[in-house]
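*Asks:* Only the shape, not the letters, is given here:
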Ligand SMILES: C[S@@+](CC[C@H](N)C(=O)[O-])C[C@H]1O[C@@H](n2cnc3c(N)ncnc32)[C@H](O)[C@@H]1O
């Protein structure tokens, strides 16, 4: 798979600055206990109701499926997922956020039966439908959680234990006043950086250039991640449902890879996002996007 920075002079790898001088953060050590030092995302920003909110309101779900879990309500489900994701288990742990109908999951689990696939989805009907779809595909290496990944990940997964996190075609939240609801922001990127093994990746795909650019700016604001635009926009991965739709209709997509740097402490930098704009024309004309990314 060919990787290339989106612009030779402006590759987003600010995190390399002083990398050698920085000690690894204690909470990025493999095997660190879940929930402990990992950052959490402010509950007000949770889409679909935070786990604390759902718990407080006593909702009960009778989730149907073979490998489906409701960690917000069922402590035994949370415990089962913790065991599944534990660093001493065999096989690389991969996480998908927003698996919807499970199209990518089925492709991935089939290609990588050795991997432990842990998926998060906030909509119950998708969890149940995806589970049935994956069951028909014989994907026994899956676990599907009904909850907001941003809130659940620190509770369920140890720091430095995840090989890949896939955020495929996250909801774009077009309006600028809704932008704060986007999955990818620097706080989520920092959480991902804490969770990833050295060399592990957070992979983001989208068909919204504004989101891709904005996400690049947010990912680049986290020391400890090295961000690349991928020239192979499939990233060599099975397509998600939305990606398949884009391919069939000839629409462009973008892919970003944020790689966890070894031995670099995770830190959110106080930098403004250079691509925090709703002005598509400005985005199209901006360096380095104009040089490398096709504008649709
Ligand atoms: C635009 S859809 C993309 C679905 C699929 N990944 C694809 O590429 O076809 C986004 C999905 O993410 C889910 N989602 C949004 N925020 C989430 C979160 N914080 N945790 C888990 N799932 C989330 C939504 O319910 C929705 O199914």
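*Replies:* Looks like it came in fine. Predicted model, so just to flag it, every value in this text is computed and none were measured.

*Asks:* Contact residues of the stretch 1-150 of the chain facing the ligand?
*Replies:* For the stretch 1-150 of the chain, the contact set with the ligand under C-beta under 6 Å from any ligand atom comprises 47, 97, 98, 100, 120, 121, 122, 123, 126, 148, 149, 150. Placement of C-beta: from N, CA and C, glycine included.

*Asks:* how far away is residue 217 from residue 195?
*Replies:* Residue 217 sits at a distance of 21 Å from residue 195 (criterion: C-beta to C-beta, to the nearest Å).

*Asks:* neighbour count winner among the two?
*Replies:* Between residue 217 and residue 195, counted using other C-beta atoms under 10 Å, the more crowded position is residue 195 (27 against 21).

*Asks:* Make sure the more buried one is actually in contact with residue 162.
*Replies:* Yes - with contact defined as C-beta atoms under 8 Å, residue 195 reaches residue 162; the gap is 4.5 Å.

*Asks:* which neighbours do the two share?
*Replies:* residue 95 (C-beta atoms under 8 Å, 6 or more residues apart in numbering).

*Asks:* Filter the residues of the stretch 1-150 of the chain next to the ligand down to the buried ones, ChimeraX style.
*Replies:* The ChimeraX selection below is limited to those of those classed as buried (16 or more other C-beta atoms under 10 Å):
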select :97,98,100,120,121,122,126,148,149,150
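
*Asks:* The residues of the stretch 1-150 of the chain next to the ligand in strands, which ones?
*Replies:* 97, 120, 121 (DSSP state E).

*Asks:* you'd agree the second one is up against residue 149?
*Replies:* Just to be clear, that refers to residue 120. Yes - the pair residue 120 / residue 149 is scored as a contact, 3.6 Å apart, by C-beta under 8 Å.

*Asks:* okay, and the common contacts of those two?
*Replies:* 95, 97, 98.

*Asks:* who touches the last one in this structure?
*Replies:* The neighbours of residue 98, taking C-beta under 8 Å, 6+ apart as the test, are 120, 121, 122, 149, 167, 168, 169, 170, 171, 183.

*Asks:* Just give the number of residues close to the last one.
*Replies:* It stands for residue 183. With other C-beta under 10 Å as criterion, residue 183 counts 19.

*Asks:* Please name the nearest non-neighbouring residue to it.
*Replies:* residue 170 (4.1 Å; C-beta to C-beta, 6 or more residues apart in numbering).

*Asks:* So what's the residue count around the one you found?
*Replies:* Considering only other C-beta under 10 Å, residue 170 is surrounded by 21 other residues.

*Asks:* Isn't it up against residue 202?
*Replies:* No - with contact defined as C-beta under 8 Å, residue 170 does not count as touching residue 202 (11.7 Å).

*Asks:* so how far is residue 170 from residue 176?
*Replies:* Counting by C-beta to C-beta - residue 176 and residue 170 are separated by 17 Å.

*Asks:* Next one: stretch 204-224, is it in contact with the ligand?
*Replies:* No - if you take C-beta under 6 Å from any ligand atom as the test, stretch 204-224 misses the ligand, and the best it gets is 7.2 Å.
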